[in-house]
Each structure stands twice: as C-alpha cells, then as structure tokens.
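[1] pasted the sequence and its predicted model underneath.
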Amino acid sequence: MEDLTAVDALDEIAFWLERAQAKTYRVEAFRKAAAAIAHLTPEQVAEQARDGRLKRIKGIGDRTFGVVQQTVEGVVPDYLAELREQGSAPLAEGGTELRAQLLGDLHSHSNWSDGGSPIEQMARTAQWRGRSYQVLTDHSPRLTIANGLSAERLAEQLDVVAEVNEGFDDFRLLSGIEVDILDDGGLDQTDEMLERLDVVVASVHSKLKMDAKAMTRRMMTAVADPHTNVLGHCTGRLVQGGRGQRPQSEFNAKAVFAACAEFDVAVEINSRPERQDPPDDLIALALDAGCLFAIDTDAHAPGQLDFLDYGAARADAAGVPAERIVTTWPVERLLEWSHVKR
C-alpha cells in the first residue's frame, strides 16, 4: 500500500478530474472535502471515519466519505484507481518524444490572481508531474477582472515564492508575471518589479479588435522592451470552451515575429485547448523568422499542468526543433537567457 492520506486521495482525484476538463462542481467537491479535513491528523480522520463523525463535517458527501473510508482502510480508493488508469495515456496524440524533453513551463496562475489553487499546491503538482521548474505568472494590475497584482502585492508574492522554494531540493518555482501589454505597447508593471522577476510573459488582453497597424505597433513595442521574455497567446483567439469562440487579432505577424527574433523573445505555444494559440500557420511563420518558442500550459489549476501534452503535439506537428524551445532548457540556461537583456 502506498503512503496515501485521505487528503492526498481527495486532492489527486480533483487533479485527474481537472486534467480531463470535468465540470468545475465535480472538481470542487473533492477539493472542498480535502480542505474540510486538512486540519485533522490521519489518526483523527481514521477515528472519525470509523465512528461516522466525518459524515457530519460540512463539505463531506457520500462519495467523498467513501474515498476517505477506503483510504483509512489501507487501500487505494476505487474511484482514484479508475481515474489513474484513465489518465495513464497522454492527453494528445503525437509529440511524445518532445513532451519528454520539456523540463519546465513559463506560464501558470495561482489564487493570487484568477487561478483556483494556492501557490504551494501548484508548485507541488508541477514537481509531481515531472517538472524541473515552473514559473508563477499571475496577472498584472490593469486586469482587475483577474485580480491582477499591484507592485506591492507582487513584492509580497516574491517572499512567498522564496518560502515555497525552501521546501524543495530538486525543483524550482520561478518568479514571474503575465504582464498586460497596454494600448501603447507599454508593460503594465513597474520597471523596478519587472527587474526582480525571473521570467516576464507579455500578453494582450484588451482591445483585441484594434486596427491591425496599431496592434502591430503595440506588440512590437512590447517585444522590444528589455524586460519581455515571452510573447503570450499572441492572437488572443478562442476556438472552443465555455467562453465561446473569439476570432484572432489582426496584426502583421511577419513584422512581430521578426521583432521577436531580433530581441530574443520566445513565441508562446499556448497549450490550453480553448486557445491553441498561435494557429498553425503563424507557428510556421515564427519558425521561418528564426524565433525561439516556449510551450506553456497557462494553467489556472493543478490539473491543467498536464496540458503540456497538447502544446508538445502541436509543436511536433509543426516541426519545431527541441533546441529552439526554451522550456527544454535546464533552469540555469533558461535563467541566463531570461536575464541577459536586463
């Protein structure tokens, strides 16, 4: 029997459901149950499961109680075993060899902005899923709908990142931001704070229907900023999912990618199924322009950290060489690249 606590089992079930893009309420049922008993010792959980008191705890339902009961009896819960089997295959066909070469992920969110889970949980899940490093990139202040981080909150987050890293030996949580590209191409955070970060992902989130010439100037200005390391989900398109579909922004892709190549900015291959951004034709343009790439999850929850499978499959199909993908690089090389312009 593996060393599995009831909280571990509940959290892992939530992970597999999230990975499979299950309905949010199903995921939350197991996360809430894990949170409801997290303050109890394993011995207390076992005692309260045996005498039935656990059923009276808010957040524990029949199915979650069954998971706890099986765990304290010393067996892997049936539901967890079923989900593990279902999740044993990659999420996407193709790109398996490239996926195995990916050491990190430069784009993820926590509950400090619009993600759903604490920083430490995101980090521990990234380590469990085989990462050498994970970059935390919560949103910047202008994106108020996503609870973007002011300079003061970002400074506080850096202390949390340092504290989380103290609990790891073979994994690094790197500091970062997904900074909003403002209408004039400026970056939505102070230069002082951007200087302190390991990785800066710059993305357009507003006025996506801006005139093509203005959008091109906007993006090229952001790419030329010495703090920018990655151009995030460059077209802003949505191709599926709960938010519906959204057409891609119009801009001179050749000019933007030429700027990315000139200023050593990686073009993000965003792995979210609803984004699939850039489209295949733009990946080809960026490849011809000599750009670097970053295959990123843009994960907003632990289960989404496995979305790298989708990005790896698309990059492989497009013929992107592994050596031009910065997320295949060891952390020391990655940090040398990300800091060299500052």
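    Perfect, thanks for sending it. On a predicted model such as this, the values are computed, not experimentally measured, just so you know.

[2] contacting residues for Val7?
    34, 37-38, 45 (C-beta atoms under 8 Å, 6 or more residues apart in numbering). Any C-beta I mention is one placed from the backbone N, CA and C, and that applies to glycine too.

[3] Pro90: neighbouring residues, count only.
    By the criterion of other C-beta atoms under 10 Å, Pro90 has 16 neighbours.

[4] now do the SS call for the closest residue to it other than its chain neighbours.
    In space, and not counting its chain neighbours, Pro90 is closest to Asp309: 4.7 Å by C-beta to C-beta, 6 or more residues apart in numbering. Using DSSP: H, G, I helix; E, B strand; the rest coil, the structure places Asp309 in helix.

[5] so who does Asp309 touch?
    90-92, 95, 99, 271.

[6] and if you look at Ala20?
    86-87, 303.

[7] check it and give its pLDDT.
    For Ala20, the model assigns a pLDDT of 97.

[8] next: Leu208.
    At Leu208, pLDDT is 97.

[9] the nearest residue to Gly244 once chain neighbours are set aside pairs with what?
    Sequence neighbours aside, Leu238 is the residue nearest to Gly244 in space, at 6.7 Å (criterion: C-beta to C-beta, 6+ apart). Per DSSP bridges, the residues bridged to Leu238 are Arg246.

[10] hmm, Arg275 and Leu238 touching each other?
    Yes - applying C-beta atoms under 8 Å as the test, Leu238 and Arg275 come out as touching, 6.5 Å apart.

[11] who has more neighbours out of these two?
    Arg275 (24 against 19).

[12] output the below-cut-off pLDDT ranges for the stretch 1-150 of the chain.
    Where the stretch 1-150 of the chain drops to pLDDT under 70, the residues are 1.

[13] about what we covered before: can you pick the most crowded of the contacts of Asp309?
    For the contacts of Asp309, neighbours tallied by other C-beta under 10 Å; top is Ser271, 29 neighbours.

[14] OK, contacts around it?
    Ser271 neighbours (C-beta under 8 Å, 6+ apart): 295-298, 307-312, 314.

[15] return the distance of stretch 105-116 from the chain's centre.
    6 Å (C-alpha atoms, centre = their mean, to the nearest Å).

[16] which residues in the stretch 201-342 of the chain form strands?
    230-231, 266-270, 293-296 (DSSP state E, counting those that start in this stretch).

[17] what lies in contact with the second one?
    In other words, strand 266-270. Counting by C-beta under 8 Å, 6+ apart, 106-107, 201, 229-234, 257, 260, 276-278, 283, 286, 291-296, 298, 311, 314-315, 320, 326 sit against strand 266-270.

[18] which of these are buried?
    Among these, those buried by neighbour count (16 or more other C-beta atoms under 10 Å) are 106-107, 201, 229-234, 257, 260, 276-278, 283, 286, 291-296, 298, 311, 314-315, 320, 326.

[19] just the buried members of the contacts of Val7?
    Buried, going by 16+ other C-beta under 10 Å: 34, 37, 45, out of those.

[20] closest one of those to Gly52?
    Set against Gly52, the nearest of the buried ones among the contacts of Val7 by C-beta to C-beta is Val45 (12.8 Å).
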